[in-house]
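1. Sequence and predicted structure below; questions after.
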Amino acid sequence: MSYLRVLATAALALTLTAPAQAEGGTVTIEKDRFIDFYLVLKDHLSRMPGLRGDGVTLSRAYLLDKLRERFNKEGVEVRDLRLTPEKGTIELVTTKGPVDARHTVDFTFLPVDWAQRTIRLRFQQRSEPLNDTLLGQLLGSIAIGAFETATGRNSVKQLTEKHPYLTVDGDVLSVRMDQVPSLIPYLNTQIMGYKPFDYVGVKRVATEQDQLRIVLALQKKPS
């Protein structure tokens with residue numbers, strides 16, 4: 001579905017739920033309000049490349065550069081990132097004193113729970129385990145970066161220390177997008193009293209050969 005079809009459907013759904021006037025028992029739509037809303041929403045959604053039918057992709061090289069830019073500092077070195085249709089794999093080295101520890105983390109994206117604004121990843125550490133904070137920062141930055149690229153923001157903020165939006169439960173990392181400080185104002189943006197991200201959200205995130213794909217789509221109307 002093209003973003004224009006998503007736009008038209010979302011606009012109609014939102015307008016039909018707006019307050020209307022009753023004339024002789026017949027409910028009528030406020031046409032001027034509909035047109036104004038449609039134009040504003042069209043401009044808003046036109047900036048979201050992830051609404052194309054096949055979504056948007058981030059290359060392995062781009063993601064690896066960003067991970068190295070963000071995490072390669074004293075004590076941490078991101079060595080490699082591999083992406084295949086089956087999984088992603090991050091290789092890194094951490095240094096504590098004179099000792100180097102090599103880490104290999106495999107990850108796959110689970111179905112998105114957009115009603116809870118949550119992207120989840122299942123991971124497996126095939127070597128010396130990382131602490132939860134660094135593990136969350138690494139995988140969380142990939143998920144957040146994918147979302148920001150799909151929505152046209154491209155302004156991922158530095159992840160530092162512990163964050164309430166990153167939780168690890170067993171082998172699953174959950175990223176609550178609506179609790180990421182840099183995303184809170186964006187996700188709560190309103191157009192004529194409605195939040196676009198109540199109606200448009202992340203449909204799928206998946207690893208492919210040497211790239212990551214994220215697809216946005218029309219969401220089921222919230223109750």
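-> Thanks, I have the structure now. Residues are numbered from 1 along each chain as shown.
2. and the longest helix for the protein?
-> helix 132-150 (DSSP state H).
3. Put the alpha carbons of that helix into CSV.
-> The C-alpha trace of helix 132-150 is given here as CSV (Å, rounded to 0.1, in the frame of the first residue of the first chain):
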residue,chain,number,x,y,z
ASP,A,132,22.9,-5.4,30.2
THR,A,133,23.5,-1.6,29.9
LEU,A,134,26.0,-2.0,27.0
LEU,A,135,23.9,-4.7,25.4
GLY,A,136,20.8,-2.6,25.5
GLN,A,137,22.6,0.4,24.1
LEU,A,138,24.0,-1.5,21.2
LEU,A,139,20.7,-3.2,20.1
GLY,A,140,18.6,-0.3,21.2
SER,A,141,20.5,2.1,19.0
ILE,A,142,19.8,-0.2,16.0
ALA,A,143,16.1,-0.3,16.7
ILE,A,144,15.8,3.5,17.3
GLY,A,145,18.0,4.3,14.3
ALA,A,146,15.7,2.2,12.1
PHE,A,147,12.6,4.0,13.4
GLU,A,148,14.1,7.5,12.9
THR,A,149,15.2,6.7,9.4
ALA,A,150,11.8,5.3,8.4
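4. Okay, now the sheet partners of the helix or strand just after that helix, with direction.
-> Using DSSP states H and E, the next helix or strand after helix 132-150 towards the C-terminus is strand 166-169. Under the criterion DSSP bridges, strand 166-169 sits next to strand 172-176 (antiparallel) in its sheet.
5. Quick one: mean pLDDT over the helix or strand that the partner strand is followed by.
-> Later in the chain than strand 172-176, the nearest helix or strand by DSSP H and E is helix 184-187. Mean pLDDT, helix 184-187: 85.
6. in stretch 190-202, what counts as buried?
-> Buried residues in stretch 190-202, defined by neighbour count with 16 or more other C-beta atoms under 10 Å: I191, Y194, P196, F197, D198, Y199, V200, G201, V202. For the C-beta atoms, the positions are set from N, CA and C on the backbone; glycine is no exception.
7. So for it, mean pLDDT?
-> 81.
8. repeat for stretch 66-77
-> Rounded mean pLDDT across stretch 66-77 is 86.
9. between the buried residues of stretch 190-202, which is nearest P129?
-> V202 (28.5 Å; C-beta to C-beta).
10. Just give the nearest non-adjacent residue to the closest one, would you?
-> Once flanking residues are discounted, V202 sits nearest to V112: 4.8 Å by C-beta to C-beta, 6 or more residues apart in numbering.
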